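# 3D model of this:
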Amino acid sequence: MLQKCHEWKSKRVWPKIGSTSCLKGKQKIRSYIGDKEKSGKCEQFFLELMKVPLESKLHALLFKIQFNTQLSLFKKSLKTVNVACDEVWNYVRFKEIKKRILYLVGTLE
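From the prediction side, this is the model:
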């Protein structure tokens with residue numbers, strides 16, 4: 001039977017990108033002859049994860065690494081847009097234009 005999930009984790013055989021770092025671990029999982037449904041959930045997970053192309057794993061890792069930075073930049077940009085909208089909305093001339101538009105709409109009805 002394959003190693004237990006906690007043993008894999010404690011030996012740090014499984015890096016974040018989702019591929020075993022040692023060939024022996026991969027070979028053990030791939031060469032398992034028994035019923036795959038009866039193997040442990042951890043081993044089933046590794047089997048399924050080995051089917052995912054490396055490029056996809058790297059894209060997922062890159063997304064995870066860049067997510068917080070991208071989120072911070074987005075929040076800054078959104079704050080800038082909100083401040084600009086508030087300034088335009090509260091601008092005295094803009095208020096006058098809004099009043100005139102409302103007056104014109106009222107007279108057209």
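
# which stretches of this protein have low pLDDT?
For the chain, the stretches with pLDDT under 70 are 1-23, 32-33.

# what helices or strands is the helix ranked longest in it leaning on?
Across the chain, the longest stretch assigned as helix under DSSP state H is helix 54-90. For helix 54-90, there is no helix or strand it packs on, judged by 3 or more C-beta pairs under 8 Å, 6 or more residues apart in numbering; DSSP states H and E. Any C-beta I mention is one placed from the backbone N, CA and C, and that applies to glycine too.

# Extract the C-alpha trace of whichever helix or strand comes after it and format it as CSV.
For helix 54-90, the following helix or strand on the C-terminal side (DSSP states H and E) is helix 92-108. Output in CSV follows, covering the C-alpha atoms of helix 92-108 (Å, rounded to 0.1, in the frame of the first residue of the first chain):
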residue,chain,number,x,y,z
VAL,A,92,-21.0,72.9,-8.0
ARG,A,93,-21.2,73.4,-11.8
PHE,A,94,-22.2,69.8,-12.2
LYS,A,95,-25.0,70.3,-9.7
GLU,A,96,-26.2,73.3,-11.7
ILE,A,97,-26.2,71.2,-14.9
LYS,A,98,-28.2,68.5,-13.2
LYS,A,99,-30.8,71.1,-12.0
ARG,A,100,-31.1,72.5,-15.6
ILE,A,101,-31.5,69.0,-17.0
LEU,A,102,-34.2,68.2,-14.5
TYR,A,103,-35.9,71.5,-15.3
LEU,A,104,-35.8,70.8,-19.0
VAL,A,105,-37.2,67.3,-18.5
GLY,A,106,-40.0,68.7,-16.4
THR,A,107,-40.9,71.3,-19.0
LEU,A,108,-40.9,68.8,-21.8
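
# re the thing from before, so what angle separates the directions of the longest helix of the chain and helix 92-108?
Counting by axes from the mean of the first three to the mean of the last three C-alpha atoms, to 10 degrees, helix 54-90 points 80 degrees away from the direction of helix 92-108.

# Can you give me the buried ones in helix 54-90?
Buried residues in helix 54-90, defined by neighbour count with 16 or more other C-beta atoms under 10 Å: residue 57.

# what does stretch 24-33 give?
Applying 16+ other C-beta under 10 Å to stretch 24-33 flags 25, 28, 29 as buried.
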